[in-house]
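> Take a look and give me a structure for this.
(chains A and B)
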Amino acid sequence: MPPGDLERVLCGLKFPTDPNLIVGLDSADDAGVYKITDEIAIIQTVDFFTPIVDDPYWFGQIAAANALSDVYAMGGIPKTAMNIVAFPVKDMDISVLRKIIQGGLDKMKEAGVVLVGGHSVEDSELKYGLSVTGFIHPDHILTKKGFKAGDRLVLTKSLGTGVINTAIKGGLASSKAIEFVTHLMATLNRDAAQVMKGFPVHACTDITGFGLIGHVAEMVVDSGFGISLWSEKIPIIPEAFDYAAMGLVPAGAYNNRKFREAMVDIYPSVKRAVLDIMYDPQTSGGLLICVKKESADDLVNKLKGKGIDDAAVIGEVLSEPKGKIVVS
Amino acid sequence: MKEIDARGLACPAPVLQTKSAIEEVNPSLIKIIVDNEASKQNVCRFLESRNYETSIKEDGNDFLIVGKRKEGVSPEVSSEILIDKKTTDTKKIMVMLATDRMGFGDDELGLKLMISYIKTLKEMGHELWRLVFVNNGVKLTIEGSEVLPVLKEYEKDGLQILVCGTCLTHFNLLDKKQVGETTNMLDIVTAMQLADKVINI
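Alright, predicted model coming up:
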């Protein structure tokens, strides 16, 4: 749903509380965390959506990588998953669904996750995703808060999947761009999450539907800090810049901008297409890692050593202006 | 003139229709009607990337976009700079106060003059756009300042008052500030760029 709408729906509703619920609905975090013992907590998340690429096998992989990402973003390890399927049985050949589920299964296997069940409904529109459960040590949870002035922000995947997907819908995307974005979206955030465990990381999230600025905004709100983003350092999918400049920007990007622009200061030198991409909703986007300044370059080098070539330092935490995002 | 009605269509369809129209007939003037914000922005971006100058008229829930082909200008230079939506036709005067005294010589006189200056600033009318206080100037915005009531009145009337955060911190006055918004150098630099006239005191 567009940003802001969900807040309006949930506003004022009373949710049951429990002392063992460490991360719940009151924070805008990626997944919920429930403590079982002092050593172990379970981490739960769910995500599903309509196809974004034509190939059903790749769609299955992307949907699974996307759902698993929330667990990685909080520092957890995903363990079990359940399929969520909505399928137009009358209009579509059942073999399509088989390929989607095969894609999901292969991605789960890669992540070391077992499928324990699922639920399917008949629907006019195809949807697929997972409900995921993982484990995490209660003292080692990474949230969107806890960063300090001077921390550097490291992004692990290029931005622009929404723009490329809009170009695909318009039949204007090159086959090179389609292939790049398909592989990028199907890439697990597992390796990035593993690498960051060896570093002084203060906060982490993954970049999805609200776009880079939307997710940074969630970090900044009530944090007592500001964040500066360096537009020229941001990794962008090849061709996304050109597509954005010619108006292939998804409506979601404009919604994201409208919702957050009041807290964003923009240098006049920032290119409009880059700014559009910074608001662009991402599917299965990368991790945004807040790491101690001195370790940032080392972290990027280690990520690149693991094959995460897009990783880059893209900004820093500021003590002033509080509650603002400064795009330079 | 080529006309396209792209109402009821979601992105990227309005851009695709505009694209094929331009590629087929290469009109010097093109008119596109859309009914949502994203399509409006995207069609404008597309036209600008194809070297058209755009203007937008709102008509109820619809947006009427008119594209006029520019002659002899490369598309790269046509992208507009995104700065501040509040840009209006009135002239914008920014006054930067880096001291709490006006002029040099006698401090007592300097303070008197400064108080009088701030009180008289309102004569600039609507063109007075922003007051920026830096260095010793921030002392005019803290409790006990003689111009505090005047500044509060200005702020109530919509004048933007920016007070340098680094300076307040330096003088240990951060919690004594009574008026204006704490600001940073980027805001100050951006304000200078947006202003039509900057007056330094």
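> okay, CA-based contacts and neighbour counts for the rest of this
Will do.
> quick check, the strand or helix carrying residue B:57 touching chain A?
Under the criterion DSSP states H and E, the helix or strand holding residue B:57 is strand B:52-59. No. On the criterion Cα under 8 Å from any Cα of the partner chain, strand B:52-59 is out of touch with chain A, staying 11.9 Å away.
> Please enumerate the helices of the chain.
Just going to use chain A. Defined through DSSP state H, the helices belonging to chain A, from first to last, are A:5-10, A:56-73, A:94-111, A:161-169, A:175-186, A:190-196, A:211-220, A:240-245, A:251-260, A:272-279, A:296-305.
> actually chain B
B:13-25, B:37-49, B:107-120, B:148-156, B:165-170, B:185-194.
> mean pLDDT for the ones you listed: which is lowest?
Ranked by mean pLDDT, these bottom out at helix B:185-194, with a mean of 85.
> Tell me if I'm right that residue A:288 and residue A:158 touch.
No. No contact is recorded between residue A:288 and residue A:158 when judged using Cα atoms under 8 Å, the distance being 11.1 Å.
> These two: who's more crowded?
Each of residue A:288 and residue A:158 has its neighbours counted (other Cα atoms under 10 Å in any protein chain shown); residue A:288 has more, 26 against 22.
> residues contacting the more buried one?
With Cα atoms under 8 Å, 6 or more residues apart in numbering or on different chains as the criterion, the residues that contact residue A:288 are A:153-156, A:204-207.
> just to revisit the earlier point, go through the strand holding residue B:57 and flag the buried ones.
Residues B:52-54, B:56 are the ones in strand B:52-59 that count as buried (16 or more other Cα atoms under 10 Å in any protein chain shown).
> got the CA positions of it in PDB?
Taking only C-alpha atoms (Å, rounded to 0.1, in the frame of the first residue of the first chain), the coordinates of strand B:52-59 have been written out as PDB:
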ATOM      1  CA  TYR B  52      10.600  20.000 -25.800                       C
ATOM      2  CA  GLU B  53       9.700  22.900 -23.500                       C
ATOM      3  CA  THR B  54       6.800  22.000 -21.200                       C
ATOM      4  CA  SER B  55       4.000  23.900 -19.500                       C
ATOM      5  CA  ILE B  56       1.200  22.500 -17.400                       C
ATOM      6  CA  LYS B  57      -2.300  23.700 -16.800                       C
ATOM      7  CA  GLU B  58      -4.500  22.100 -14.200                       C
ATOM      8  CA  ASP B  59      -8.100  21.600 -15.200                       C
END
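> ok, so of the buried residues of strand B:52-59, who is nearest chain A?
Distances from chain A to those, taken as Cα to the nearest Cα, are shortest for residue B:52 (11.9 Å).
> got a list of what residue B:69 touches?
With contact set as Cα under 8 Å, 6+ apart, residue B:69 has these partners: B:27-29, B:51-53.
> just residue A:146 next, same as before
Neighbour list for residue A:146: A:202-203 [criterion: Cα under 8 Å, 6+ apart].
> can you pull the contacts of residue A:181?
With contacts defined as Cα under 8 Å, 6+ apart, residue A:181 is in contact with A:161, A:164, A:237.
> tell me the pLDDT at the second one?
The per-residue pLDDT reported for residue A:164 equals 96.
> For residue 141, the count of nearby residues, please.
As the question left the chain open, I've gone with chain A. 19.
> nope, chain B
Neighbour number of residue B:141 under other Cα under 10 Å is 26.
> Surely it and residue B:175 touch.
No. Counting by Cα under 8 Å, residue B:141 sits too far from residue B:175 to count as a contact (11.1 Å).
> what touches both of those two?
Between them, residue B:141 and residue B:175 have no joint contacts when contacts are counted by Cα under 8 Å, 6+ apart.
> circling back: wait, which of the helices of chain B is closest to residue A:1?
With Cα to Cα, the closest approach to residue A:1 among these belongs to helix B:37-49: 16.0 Å.
> For that closest one, C-alpha coordinates in PDB please.
In PDB, the C-alpha atoms belonging to helix B:37-49 read as follows (Å, rounded to 0.1, in the frame of the first residue of the first chain):
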ATOM      1  CA  GLU B  37       0.500  13.200 -10.900                       C
ATOM      2  CA  ALA B  38       2.900  10.400 -11.900                       C
ATOM      3  CA  SER B  39       1.800  10.600 -15.500                       C
ATOM      4  CA  LYS B  40       2.100  14.300 -15.500                       C
ATOM      5  CA  GLN B  41       5.700  14.200 -14.200                       C
ATOM      6  CA  ASN B  42       6.700  11.400 -16.500                       C
ATOM      7  CA  VAL B  43       5.300  12.900 -19.600                       C
ATOM      8  CA  CYS B  44       7.100  16.200 -18.800                       C
ATOM      9  CA  ARG B  45      10.300  14.300 -18.200                       C
ATOM     10  CA  PHE B  46       9.900  12.500 -21.500                       C
ATOM     11  CA  LEU B  47       9.200  15.700 -23.500                       C
ATOM     12  CA  GLU B  48      12.200  17.400 -21.900                       C
ATOM     13  CA  SER B  49      14.400  14.500 -22.700                       C
END
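> neighbouring contacts of that helix?
Everything outside helix B:37-49 that qualifies as a contact, by Cα under 8 Å, 6+ apart, is A:245-251, A:254, B:10-12, B:14-15, B:18-19, B:34, B:53-54, B:63, B:65, B:67, B:75-76, B:78-79.
> Please check these and keep the buried ones.
Buried members of these, counted by 16+ other Cα under 10 Å: A:245-251, A:254, B:10-12, B:14-15, B:18-19, B:34, B:53-54, B:63, B:65, B:67, B:79.
> What residues does residue A:293 make contact with?
Residue A:293 sits next to A:150-152 when contact means Cα under 8 Å, 6+ apart.
> do residue A:214 as well
Residue A:214 is in contact with A:256-257, A:260, A:279, counting by Cα under 8 Å, 6+ apart.
> Distance check, residue B:25 against chain A.
Using Cα to the nearest Cα, to the nearest Å, one obtains 19 Å as the distance from residue B:25 to chain A.
> and that residue, how many residues sit next to it?
10.
> can you redo the buried residues of strand B:52-59 as CSV with distance to residue B:165 and pLDDT?
Below are the buried residues of strand B:52-59 laid out as CSV (distance: Cα to Cα, whole Å; pLDDT from 0 to 100):
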residue, distance to residue B:165, pLDDT
B:52, 43, 94
B:53, 41, 93
B:54, 40, 94
B:56, 39, 93
